[in-house]
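>>> Got a predicted structure plus its sequence, pasted below:
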Amino acid sequence: MRVIDGHAHLEDLPNLDSELATAKEAGVVAVIAVGSDEKSNDATLGIARRYPGFVFPALGLHPWNLREDFGNMLKHVERNVKNCVALGEVGLDFKMPKPKELQIAAFKGVLELAKRFEKPVIIHSRWAWREAFDFVKEADVKRVVFHWYSGPLDILHEVLDFGCYVSATPAATYSEYHIPAIKEVPLDRLLLETDTPVVYRGVKSSPKEVVRVVKAVAQIKGASEEEIAETTTKNAAELFGLKV
């Protein structure tokens with residue numbers, strides 16, 4: 001079984017070499033390493049250089065990490081944009097105390113970069129599902145994955161109709177919001193991820209845990225694990241332009 005972890009914060013793993021070796025043994029053929037600010041973006045680029053052909057970097061501007069001088073953060077992304085396969089993790093989180101106006105301005109700036117440099121975008125949209133999608137439509141950015149979608153199903157259908165992807169996490173084993181969303185997503189619009197190092201009900205995630213997501217999605221979809229792995233790997237390779 002060949003699988004891709006489409007979203008992992010690798011700079012937060014203390015035993016990175018052994019974790020990635022274990023992931024390879026489990027069948028992981030690629031990891032999209034996502035950043036969230038200048039420091040993590042630089043770390044992600046460095047990790048990708050250490051693991052060429054296996055770790056692929058995405059440069060992010062996470063709403064949790066925004067500063068008032070987000071313009072400087074955007075410039076850092078732009079300076080390195082040709083060295084990444086995607087922009088992310090970026091987006092909106094209206095559960096957090098960061099001012100909405102700041103989040104929106106930064107998100108729109110990233111979407112403009114994505115459009116200009118033709119990069120896919122990995123979107124965080126907690127409690128801002130409608131707003132995040134509306135800005136994606138406004139920017140006319142089509143190569144998009146809504147990471148760990150747990151929002152309303154009517155908005156999800158609009159997201160899918162627009163051509164976006166959705167990613168499943170280990171929360172697909174238990175979440176009353178994530179499971180119905182994954183059930184609605186056609187296989188040709190689905191990706192898998194771990195969001196490493198998030199802890200899911202006491203289990204700290206790492207890239208090898210993407211195999212657990214395969215099993216959960218197979219159960220939700222009533223499909224074979226082989227079909228889930230094959231289709232989602234194909235989807236991720238096409239979206240991010242990977243040769244794996």
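Thanks, I have it.
>>> I'd say residue 22 and residue 211 touch.
No - using C-beta atoms under 8 Å, residue 22 is not in contact with residue 211; the gap is 10.6 Å. From N, CA and C alone the C-beta is placed, and that goes for glycine too.
>>> neighbour-wise, which of the two wins?
Higher neighbour count among residue 22 and residue 211: residue 211, with 20 against 14, using other C-beta atoms under 10 Å.
>>> List the contacts of the residue nearest to residue 8 when sequence neighbours are not counted.
Using C-beta to C-beta, 6 or more residues apart in numbering and skipping residues adjacent in sequence, the residue nearest residue 8 is residue 196, 3.9 Å away. By C-beta atoms under 8 Å, 6 or more residues apart in numbering, the residues touching residue 196 are 5, 8, 9, 10, 12, 13, 205, 206, 207, 209.
>>> Buried residues, the lengthiest helix in the chain. List them.
Ranked by residue count under DSSP state H, the longest helix found in the chain is helix 100-117. Buried positions in helix 100-117, judged by neighbour count with 16 or more other C-beta atoms under 10 Å: 103, 104, 106, 107, 109, 110, 111, 113, 114.
>>> following the lowest-mean-pLDDT helix or strand in the chain, which helix or strand comes up?
Among the helices and strands of the chain, strand 203-204 carries the lowest confidence by mean pLDDT, DSSP states H and E, at a mean of 89. Scanning forward in sequence from strand 203-204 by DSSP states H and E, the next helix or strand is helix 210-221.
>>> export that next one as CSV, just CAs?
Extracted C-alpha coordinates of helix 210-221, given in CSV (Å, rounded to 0.1, in the frame of the first residue of the first chain):
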residue,chain,number,x,y,z
VAL,A,210,-1.7,8.1,7.7
VAL,A,211,-2.2,4.3,7.4
ARG,A,212,-4.7,4.6,10.2
VAL,A,213,-6.6,7.2,8.2
VAL,A,214,-6.7,4.8,5.2
LYS,A,215,-8.5,2.3,7.4
ALA,A,216,-10.9,4.8,8.9
VAL,A,217,-11.8,6.2,5.5
ALA,A,218,-12.3,2.7,4.0
GLN,A,219,-14.8,2.0,6.8
ILE,A,220,-16.6,5.3,6.3
LYS,A,221,-16.8,4.8,2.5
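>>> Could you give the separation of that helix from the chain centroid?
Centroid displacement of helix 210-221 relative to its chain, using C-alpha atoms, centre = their mean, to the nearest Å, is 17 Å.
>>> and if you look at stretch 119-138?
That offset, for stretch 119-138, works out to 12 Å (C-alpha atoms, centre = their mean).
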